[in-house]
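Enquirer: next comes the sequence, and after it the predicted model I'd like to discuss.
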Amino acid sequence: MRLIIGQVHRNVLALASSRSCFVVGDHLPFRMLSLPRAAGFHQSAWRGSQAVEDSGSALTLANLEVQSKADYVKKERAPRTGGPRPSSRDSSFAVKPKKTYSPNLKPAKSDLPKSPVVKKKLKIDEALFSASSFEELGLPPLLIDRLNKEGLTSPTEVQSASIPVISQRHDVVIQSYTGSGKTLAYLLPILSEIGPLKRAGEQGNSEKRSGIEAVVVAPSRELGMQIVREVEKILGPDDKRLVQQLVGGANRSRQEEALKKNKPIIVVGTPGRISEISAAGKLQTHNCRFLVLDEVDQLLSFNYREDMHRVLEHVGRRSGTSSSSGILGPLARRSERQTILVSATIPFSVIRAARSWGHDPVLVRAKSVVPLDSIAVPRPMLSQGEPNTDPAMSVNQAAVDSLPPSLDHYYCTSKAQHKVDTLRRCIHALEAQTVIAFMNNTKPLKDVVFKLEARGMKAIELHGDLGKLARSTVLKKFKAGEFRVLVTNELSARGLDVPECDLVINLDLPTDSTHYAHRAGRTGRLGRKGAVVSICEESEAFIMRKMRKQLGVPIKPCDFTEGQINVHKEEDVE
Ligand SMILES: Nc1ncnc2c1ncn2[C@@H]1O[C@H](COP(=O)(O)OP(=O)(O)OP(=O)(O)O)[C@@H](O)[C@H]1O
């Protein structure tokens with residue numbers, strides 16, 4: 001294996017990419033993935049990756065020659081390049097019979113949720129699930145029992161692709177659209193090897209190891225706590241103390257006490273709190289086998305660089321391994337752990353970082369597994385596949401691949417002072433029951449909540465200025481259906497899983513297509529239907545048209561009158 005050592009050292013924490021990602025190292029060639037061993041079940045994907053490399057074009061499911069269920073994805077995504085979607089899809093919202101709703105005539109109490117709150121059964125698109133079972137993926141029987149007890153019987157596509165590859169000890173980058181089940185895609189292979197549910201062959205190793213065996217890092221407390229709940233669910237009530245949250249905003253000394261008392265095998269936390277406790281010598285992660293960065297593109301942004309540097313330097317560093325002054329530097333230490341990087345949006349800077357950190361790192365997507373060194377720097381393309389001369393108009397491939405196929409996208413224009421009214425009309429017209437409305441700042445959230453409540457629509461705000469307890473209470477109440485609208489900011493854009501959410505509204509436009517994609521992904525979870533409506537001022541409509549081109553999806557202009565949505569004639573994609 002050829003190492004460009006100098007390059008690695010020079011590039012530690014170098015800033016990279018327009019999205020302010022930093023990378024450790026730059027060019028490290030990796031051994032090619034041994035096909036029969038690691039990706040035998042994805043030969044077609046492999047062939048596809050070769051083609052991609054040759055053509056130098058962006059990596060997509062389509063050019064990976066994926067057949068069968070991938071056709072489903074293709075069919076769903078085909079209209080994104082311009083033409084209108086099949087009418088059956090539009091019919092969910094656009095072709096509803098006219099109702100007699102009139103904002104002036106309807107009494108305010110009609111906005112109140114029907115009481116008592118009855119949770120409707122959510123229809124899940126089965127095409128998202130893989131043909132194989134958890135048994136076929138080689139998960140241990142105890143773990144499968146626990147999954148079945150929680151009602152989880154079939155893996156999703158991304159889980160089917162990830163579990164065998166992680167079990168074969170590859171470092172991986174997992175990219176799959178929002179709500180496709182990425183959390184279990186990395187948790188299940190980890191819990192197959194550590195803790196009380198692990199496979200029989202691993203039991204003998206338990207004495208050799210002690211302490212924390214997996215560290216999961218997430219950018220927000222909410223996401224961190226959500227992952228903790230997921231681990232607790234799988235471990236079951238008797239063993240849930242084996243996972244410890246280390247999120248910011250919570251009492252640090254209590255977390256440190258719990259580490260000492262409960263001796264967890266897995267910790268989940270935010271970068272700041274993990275590095276704080278680690279620096280204080282209260283968190284021993286040197287023997288750690290797994291490091292997961294969930295929402296990796298955000299974690300590698302400039303804001304987190306110091307804390308992430310500590311995490312990357314310490315997790316999985318065995319005592320006795322040479323320090324950073326050693327000739328291999330950070331690479332030697334990295335070799336002891338398996339690194340798993342996860343997000344719906346994987347920019348090329350993350351691929352570059354993963355190449356420099358990993359052993360045989362591979363990119364896992366719902367239908368494919370490809371070695372990272374086969375991925376060329378993407379060339380900007382227009383959505384129609386033509387070469388691009390204006391970088392601002394290029395398709396943002398990372399964002400395109402992150403959008404669930406089951407979403408309908410719309411935008412409408414409104415004067416700033418009428419936006420909340422438009423929001424209400426939109427909710428009525430689409431008959432949405434669980435709505436997340438995004439704004440860019442914290443201050444106006446309260447005002448929107450006040451206006452909605454004044455009209456009898458139950459709404460609540462969520463933002464970072466609320467204390468930890470208040471934040472979790474708000475989320476709990478919203479998930480329980482006590483409020484119809486959650487008015488929030490970017491804090492909730494990533495990872496938040498509220499399966500019932502059937503409508504996302506942008507009351508302020510997101511800053512770019514990646515932010516649009518993460519916000520949009522709060523609905524349409526796990527193949528469910530969902531709609532995204534952006535409410536903008538007339539002068540901002542061009543931004544929506546631009547975003548439509550960058551994302552390659554139809555974002556249709558519309559308005560809401562007489563209690564229904566009127567979709568305007570599809571504009572040609574310019
Ligand atoms: N195999 C499965 N069977 C049934 N439900 C599942 C399965 N896997 C995951 N889920 C559920 O699907 C939902 C979405 O999963 P998850 O939050 O992991 O998605 P994600 O891909 O990480 O989304 P995001 O990119 O927004 O973070 C969760 O409610 C999770 O419990």
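Expert: Here it is on my side, so go on.
Enquirer: quick check: what element follows the longest helix along the chain along the chain?
Expert: Scanning the chain for the helix with the most residues, using DSSP state H, yields helix 221-235. As assigned by DSSP states H and E, the chain's next helix or strand after helix 221-235 is strand 243-246.
Enquirer: can I get that next one in PDB? Just the C-alpha atoms.
Expert: Extracted in PDB, the C-alpha atoms of strand 243-246 (Å, rounded to 0.1, in the frame of the first residue of the first chain):
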ATOM      1  CA  VAL A 243     -26.000   2.900  26.200                       C
ATOM      2  CA  GLN A 244     -25.200   6.300  27.700                       C
ATOM      3  CA  GLN A 245     -26.100   9.700  26.300                       C
ATOM      4  CA  LEU A 246     -23.400  12.400  26.300                       C
END
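Enquirer: for the next helix-or-strand element following that strand, name the packing helices and strands.
Expert: Sequence order places helix 252-262 as the next helix or strand after strand 243-246, per DSSP H and E. Other elements packing on helix 252-262 under the criterion 3 or more CB pairs under 8 Å, 6 or more residues apart in numbering; DSSP states H and E are strand 243-246, helix 271-279. C-betas here are computed from N, CA, C, even on glycine.
Enquirer: which other helices and strands contact the longest one?
Expert: Packed against helix 271-279 by the contact rule (3+ CB pairs under 8 Å, 6+ apart) you find strand 214-217, strand 243-246, helix 252-262, helix 305-314.
Enquirer: which residues touch the helix or strand that that helix is followed by?
Expert: Scanning forward in sequence from helix 271-279 by DSSP H and E, the next helix or strand is strand 290-294. With contact meaning CB atoms under 8 Å, 6 or more residues apart in numbering, strand 290-294 is reached by 182-183, 186, 190, 194, 213-219, 223, 227, 299-300, 308, 311-312, 315-316, 337-343, 495.
Enquirer: overlap between those residues and the residues near the ligand?
Expert: Lys182, Thr183, Gly495 (CB under 6 Å from any ligand atom).
Enquirer: gap between the two ends of stretch 278-294?
Expert: Using CA to CA, to the nearest Å, one end of stretch 278-294 lies 19 Å from the other.
Enquirer: check which residues of it are buried.
Expert: 278, 282-283, 285-294 (16 or more other CB atoms under 10 Å).
Enquirer: stretch 246-264 too?
Expert: Buried residues in stretch 246-264 (16+ other CB under 10 Å): Leu246, Val247, Gly248, Gly249, Ala250, Gln255, Glu256, Ala258, Leu259, Pro264.
Enquirer: can you tell me the average pLDDT over it?
Expert: Average pLDDT, stretch 246-264: 94.
Enquirer: quick one: residues in contact with it.
Expert: In contact with stretch 246-264 (CB under 8 Å, 6+ apart) are residues 211-212, 221, 224-225, 241-245, 267-270, 272-274, 276-277, 280, 282-283, 467-468, 471.
Enquirer: now swap in stretch 140-160 and tell me
Expert: So stretch 140-160 is contacted by 69, 128-135, 137, 139, 163, 174, 176, 180-182, 184-185, 188, 191-192, 196-200, 233-236, 364-367, 526 (CB under 8 Å, 6+ apart).
Enquirer: measure it end to end?
Expert: Span of stretch 140-160 from end to end, CA to CA: 15 Å.
Enquirer: does that stretch reach the ligand?
Expert: Yes: using CB under 6 Å from any ligand atom, stretch 140-160 comes into contact with the ligand via Leu152, Ser154, Pro155, Thr156, Gln159.
Enquirer: format the residues you listed as TSV; extra columns: pLDDT, secondary structure and neighbour count.
Expert: Converted to TSV, these look like this (pLDDT from 0 to 100; DSSP: H, G, I helix; E, B strand; the rest coil; neighbours: other CB atoms under 10 Å):
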residue	pLDDT	secondary structure	neighbour count
Leu152	94	coil	18
Ser154	91	coil	15
Pro155	94	coil	25
Thr156	93	strand	22
Gln159	95	helix	30
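Enquirer: of those, closest to Asp421?
Expert: Thr156 (38.9 Å; CB to CB).
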